[in-house]
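Visitor: Can you look at this prediction? I've put the sequence above it.
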Protein chains: 2
Amino acid sequence: MTFNEVRKDYLLDRWVVIATERGRRPTDFAKQERSQAKTTVCPMCPGNEHMTPPALLVYLKSGSRIRKTMDEGDTRHKNWLIRVIPNLYPAFSPPKNRISSKQIMKNANLAMAVGHHEVLVESPNHDDGPANAPIPQVVQVINGYIDRLRDLSTRPYVRYVSIFRNHGLEAGASLSHAHSQIIAIPFVPQTVKKEMDASRKFWKQEEKCAFCDIIEKERRGPRFVLENSKFTVFAPYASVNPMEFWIFPRKHESSLLDMAQDEVKIFAETLKTCLTRLKMLVNDPPYNFGFHIAPDEETRDSYHWHLEVYPRLAIWAGFEKSTGVYINTMTPETAAESLRKNVST
Amino acid sequence: MTFNEVRKDYLLDRWVVIATERGRRPTDFAKQERSQAKTTVCPMCPGNEHMTPPALLVYLKSGSRIRKTMDEGDTRHKNWLIRVIPNLYPAFSPPKNRISSKQIMKNANLAMAVGHHEVLVESPNHDDGPANAPIPQVVQVINGYIDRLRDLSTRPYVRYVSIFRNHGLEAGASLSHAHSQIIAIPFVPQTVKKEMDASRKFWKQEEKCAFCDIIEKERRGPRFVLENSKFTVFAPYASVNPMEFWIFPRKHESSLLDMAQDEVKIFAETLKTCLTRLKMLVNDPPYNFGFHIAPDEETRDSYHWHLEVYPRLAIWAGFEKSTGVYINTMTPETAAESLRKNVST
């Protein structure tokens, strides 16, 4: 009898049991068909721009140049590369009038979901998510994230901007056109806050960034996935999802706003490579990804931005939901070994 | 513009946005068929006991009496009511030799998943989960939980016993025969620990149980579901799932082990009533439930056991997974209003 291993996250008080044998348990449920998009009018496809609210930001192809505009005006239907639109079903909404951060916090004791909820349409081509789109298109998507992050960060009532992507119905996407979401909220969310607090504590004690330390260890170890001049990718030590991987800038950067344009291009390549490998390895699985970004100047030295990618290859059930302890049926070492292989597309 | 509401859990540092409009967002994914069980040999059905390891506990019908035994012996295949068997694909496994709690913690620094992982087969009838089975059968299931909890709690390496149920493939069940699971682990899991710490702090300050206080408030409010002589059911203020409800003993009890037999019967009735209403209201949805139980004598006064039921009517996506903040598209007040109605079966 060998015991399964219990692991704790680098910084969070989050525990996972790595139980590989559980991956072999049989099921008597019939295999479910993967969800398919219906043949219906897609509100995100070109020509249907009238089905969405006016864009907050559009990148237009203008000859060989790219023009950024907030006013679609007559340009609707014409040669856009990405569109950012308000989410018609927002979780967080902006205040109607000019209102200071202090006023909102004082009046509502943070109980109002004040903020923004936007959708970034990643391509005029329905299926061109980061695994399918050409690199220049992925670059525009990342540029779109950065532009919206910069803009939303200046609002006085915004304390954090979450940028994330849901791929597939099973991952919570309701529309199948390639898109990401951006939610700006009036507080720093728990997971980021706890990571921030732990890394700030580490910084005070060790006078270095905890994440820089983690990257340096993981890039030489069995969970290493890939590295290039700007980014390191590895499967985290206490992965709570099979095939989970994190992408970090090698240089200490606390926010996406720190990225130079050459870095953006290499980030787009890194993202595309990793997501293509995931797609090829496990038959285009549903996944979520989310950026973790330092929310303010105070955490500039101690926090290191990164992207966490969570493939949905398992279901969190009663044990996970009621205890907060996770069971992962794949070791991150095995995940990394698979993801290291350069799968031909 | 009315804002969505942000709510914090009673005790946990867990936040949820109640965003009812989001429930109306359209989808272009084709509706998925609900998973069906395949016609295959069920290892939990009577006659197939040889397909599972020998039982750890069996309740046998012996005339009008119920006999409990750990030795199935010749009794296999005969008139059992419930069977508790080791999980063939355990997340936690018992040590081979006698080993003290101290030794395990010293040797392995808690990194070994030492413990137990058991399956409680709830009925000889394949579909007789708590919403379908007659009350006396549900009573035996609860008695089975209590017997296993009592036994497992005495092991020196066990610090917590999690009792939970997954209903439906989408809720993480791999087999469709009515069953629960029991996992005994060598540490107190995060969610329970945080609830425990917060309620102990409350107890020290207020000299009363935080949960007794919550029950007293909720039983008079808009989130109240039902009450009988022994139990109160309500939808929690910061529900993270649509239709979530919690069942509490009205009297201060820290563990299932405190229940008298008349209480067990009333708990079985309460559970059956609530799960039947859920089943009728939303077409037998997948769900998880998990007990929260005080792990030791120290928390006897401050912790109040309860059952949390999580219907799976929504998907936690990139935002929830990367931030730890939840979006719930149904107010617990609406959920409670639906669950209060006595739906005829």
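Guide: Arrived safely.

Visitor: Okay, and the beta partners of A:His179?
Guide: Here A:His179 shows beta-bridge partners A:Val121, assigned using DSSP bridges.

Visitor: One more: A:Gly290?
Guide: Under the criterion DSSP bridges, A:Gly290 forms beta bridges with A:Phe164, A:Glu308.

Visitor: Flag every residue of the stretch 101-250 of chain A that's near chain B.
Guide: A:108, A:110-114, A:160, A:162, A:164-166, A:169-177, A:181, A:183, A:185, A:187, A:189-192, A:194 (C-beta under 8 Å from any C-beta of the partner chain). (Glycine included, C-beta is placed from N, CA and C.)

Visitor: From those, which land in strands?
Guide: Residues of those located in strands (DSSP state E): A:160, A:162, A:164-166, A:181, A:183, A:185.

Visitor: Which member of the residues you listed is positioned nearest chain B?
Guide: A:Phe164 (3.2 Å; C-beta to the nearest C-beta).

Visitor: Poorly predicted segments of the stretch 101-250 of chain A, please.
Guide: Low-confidence segments of the stretch 101-250 of chain A (pLDDT under 70): A:101-110.

Visitor: Mind doing that once more with 80?
Guide: Per-residue confidence for the stretch 101-250 of chain A (pLDDT under 80) gives these ranges: A:101-111.

Visitor: mind listing the helices for it?
Guide: A:101-108, A:135-153, A:190-206, A:210-218 (DSSP state H, counting those that start in this stretch).

Visitor: how about the longest helix seen in chain A: buried residues?
Guide: Counting residues, the longest helix in chain A under DSSP state H turns out to be helix A:261-281. Of all the residues in helix A:261-281, those buried under the rule 16 or more other C-beta atoms under 10 Å in any protein chain shown are A:263-279, A:281.

Visitor: can you check stretch A:330-342 too?
Guide: The neighbour-count criterion (16+ other C-beta under 10 Å) identifies A:330-332, A:334-336, A:338-339 as the buried residues of stretch A:330-342.

Visitor: Residues contacting that stretch, please?
Guide: Contacts made with stretch A:330-342 from outside it, assessed by C-beta atoms under 8 Å, 6 or more residues apart in numbering or on different chains, are listed as A:18, A:20, A:23, A:222-226, A:233-239, A:242-245, A:274, A:277-278, A:281, A:313.

Visitor: Mark which of these are buried, thanks.
Guide: A:18, A:223-226, A:233-239, A:242-245, A:274, A:277-278, A:281, A:313.

Visitor: So A:Val84 belongs to a strand, correct?
Guide: Yes. Under DSSP: H, G, I helix; E, B strand; the rest coil, A:Val84 falls within a strand.

Visitor: dump the residue contacts of the residue lying closest to it once chain neighbours are set aside.
Guide: The spatially closest residue to A:Val84, leaving aside those adjacent along the chain, is A:Leu57, at 4.2 Å (C-beta to C-beta, 6 or more residues apart in numbering or on different chains). If a contact means C-beta under 8 Å, 6+ apart, then A:Leu57 has A:68-70, A:82-84, A:144, A:147-148, A:151 as its contacts.

Visitor: And A:Leu57, what's its pLDDT?
Guide: The predicted local distance difference test score for A:Leu57 is 95.

Visitor: And for A:Lys38?
Guide: Per-residue confidence for A:Lys38 comes out at a pLDDT of 72.

Visitor: count of residues packed around it?
Guide: In terms of burial, A:Lys38 registers 13 neighbours under the definition other C-beta atoms under 10 Å in any protein chain shown.

Visitor: Also the one 3 residues further on?
Guide: Using other C-beta under 10 Å, A:Val41 has 10 other residues around it.

Visitor: Correct me if wrong: it contacts A:Gly47.
Guide: No. A:Val41 is beyond contact range of A:Gly47, at 9.4 Å (criterion: C-beta atoms under 8 Å).

Visitor: Can you tell me how far A:Phe224 is from chain B?
Guide: 21 Å (C-beta to the nearest C-beta, to the nearest Å).

Visitor: Nearest spatial neighbour of that residue, chain-adjacent residues omitted?
Guide: In space, not counting the residues next to it along the chain, A:Phe224 is nearest to A:Phe234; the distance is 5.2 Å by C-beta to C-beta, 6+ apart.

Visitor: same deal with A:Gly129?
Guide: With C-beta to C-beta, 6+ apart as the measure, A:Ala178 is the residue that lies nearest to A:Gly129, at 4.1 Å, once sequence neighbours are left out.

Visitor: Test my guess that the one you found contacts A:Leu120.
Guide: No. Contact criterion C-beta under 8 Å: A:Ala178 and A:Leu120 do not qualify, at 9.5 Å.

Visitor: Those two: who's more crowded?
Guide: A:Ala178 (26 against 23).

Visitor: OK, contacts around that one?
Guide: By C-beta under 8 Å, 6+ apart, the contact set of A:Ala178 is A:121-123, A:125-129, A:132-133.

Visitor: returning to what we had before: what about the buried residues of stretch A:330-342, which are in helices?
Guide: Within the buried residues of stretch A:330-342, membership in helices is found for A:332, A:334-336, A:338-339, as judged by DSSP H.

Visitor: quick one: the spatially closest residue to A:Leu226 that is not a sequence neighbour from B:Phe248, how far?
Guide: If you skip the residues right next to it in sequence, A:Leu226 has A:Val233 as its closest partner in space, 4.9 Å away by C-beta to C-beta, 6+ apart. Distance from A:Val233 to B:Phe248, counting by C-beta to C-beta, to the nearest Å: 46 Å.

Visitor: Just give me the residue right at the centre of chain A.
Guide: Central residue check for chain A by C-alpha atoms, centre = their mean: the C-alpha nearest the mean position is that of A:Gly290, 2.2 Å away.

Visitor: Straight-line length of stretch A:315-334, end to end?
Guide: This stretch, stretch A:315-334, spans 19 Å end to end (C-alpha to C-alpha, to the nearest Å).

Visitor: do the same with stretch A:172-183
Guide: By C-alpha to C-alpha, the extent of stretch A:172-183 from end to end equals 15 Å.

Visitor: what distance separates it from the centre of its chain?
Guide: Between the mean C-alpha point of stretch A:172-183 and the mean C-alpha point of its chain there is a distance of 11 Å (C-alpha atoms, centre = their mean, to the nearest Å).

Visitor: List the buried residues in it.
Guide: Here stretch A:172-183 shows A:172-173, A:175-183 as buried, counting by 16+ other C-beta under 10 Å.

Visitor: How about the contacts made by A:His116?
Guide: If a contact means C-beta under 8 Å, 6+ apart, then A:His116 has A:86, A:90, A:92-94, A:152, A:155, A:158, A:182-184 as its contacts.

Visitor: okay, the residues you listed in a markdown table with distance to B:Glu206 next?
Guide: A markdown table is the format used below for these (distance: C-beta to C-beta, whole Å):
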| residue | distance to B:Glu206 |
| --- | --- |
| A:Pro86 | 45 |
| A:Pro90 | 38 |
| A:Phe92 | 34 |
| A:Ser93 | 37 |
| A:Pro94 | 39 |
| A:Leu152 | 41 |
| A:Arg155 | 39 |
| A:Val158 | 36 |
| A:Ile182 | 42 |
| A:Ile183 | 36 |
| A:Ala184 | 37 |
